[in-house]
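Colleague: no sequence on this one, just coordinates:
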């Protein structure tokens, strides 16, 4: 079974997948958001194509660790997703992942135009890397 990660934004959803050994994450796609039903259908289709039994979703808590408006919107999104995805859904603190992804791409001299969709995929990969690292640490203890 594979693991997919999502960086859910208001305009785009970045998607990443774990390698078969669950060692690292690879950015795979950016979904341009249209409407909730279409977004969820695309996520489910990707999960099926990658045989993903788990989804990892970035949880947008504030820098102080509180659950603000964005987190409440994500709660509603995950609740709807849980109705159509039959696997396990994990939530991971995503603080600063988009900023980190943007800095990485700027350092790699990626143009602003190319960064637009790629940053979401890279942020999803960072969210997944965080999840995979935490899982490895829990299993080794």
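Modeller: It's in. Just so it is clear, the structure is predicted and the values come from calculations on it, not from any experiment.
Colleague: list the buried residues in stretch 68-81.
Modeller: 70, 74, 77-78, 81 (16 or more other Cβ atoms under 10 Å). Where C-beta positions appear, they are placed from N, C-alpha and C, glycine not excepted.
Colleague: mind giving me a markdown table with these and columns for distance to residue 92 and secondary structure?
Modeller: Shown next, in a markdown table, are these (distance: Cβ to Cβ, whole Å; DSSP: H, G, I helix; E, B strand; the rest coil):
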| residue | distance to residue 92 | secondary structure |
| --- | --- | --- |
| 70 | 14 | helix |
| 74 | 11 | helix |
| 77 | 14 | helix |
| 78 | 12 | helix |
| 81 | 15 | helix |
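Colleague: in CSV: those, plus distance to residue 29 and pLDDT.
Modeller: Converted to CSV, the buried residues of stretch 68-81 look like this (distance: Cβ to Cβ, whole Å; pLDDT from 0 to 100):
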residue, distance to residue 29, pLDDT
70, 22, 80
74, 19, 90
77, 18, 95
78, 19, 95
81, 16, 97
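Colleague: and of those, the nearest to residue 55?
Modeller: residue 81 (7.3 Å; Cβ to Cβ).
Colleague: and that closest one, how close does it get to residue 8?
Modeller: 9 Å (Cβ to Cβ, to the nearest Å).
Colleague: pull up the overlap in contacts between those two.
Modeller: With contacts taken as Cβ atoms under 8 Å, 6 or more residues apart in numbering, the residues that reach both residue 81 and residue 8 are residue 57.
Colleague: doesn't residue 92 make contact with residue 7?
Modeller: No - using Cβ atoms under 8 Å, residue 7 makes no contact with residue 92, being 10.1 Å away.
Colleague: when those two are compared, which one has more neighbours?
Modeller: residue 7 (29 against 18; other Cβ atoms under 10 Å).
Colleague: pull the contacting residues for that one.
Modeller: 13-16, 58, 94, 97-98, 120-121, 123-124, 127.
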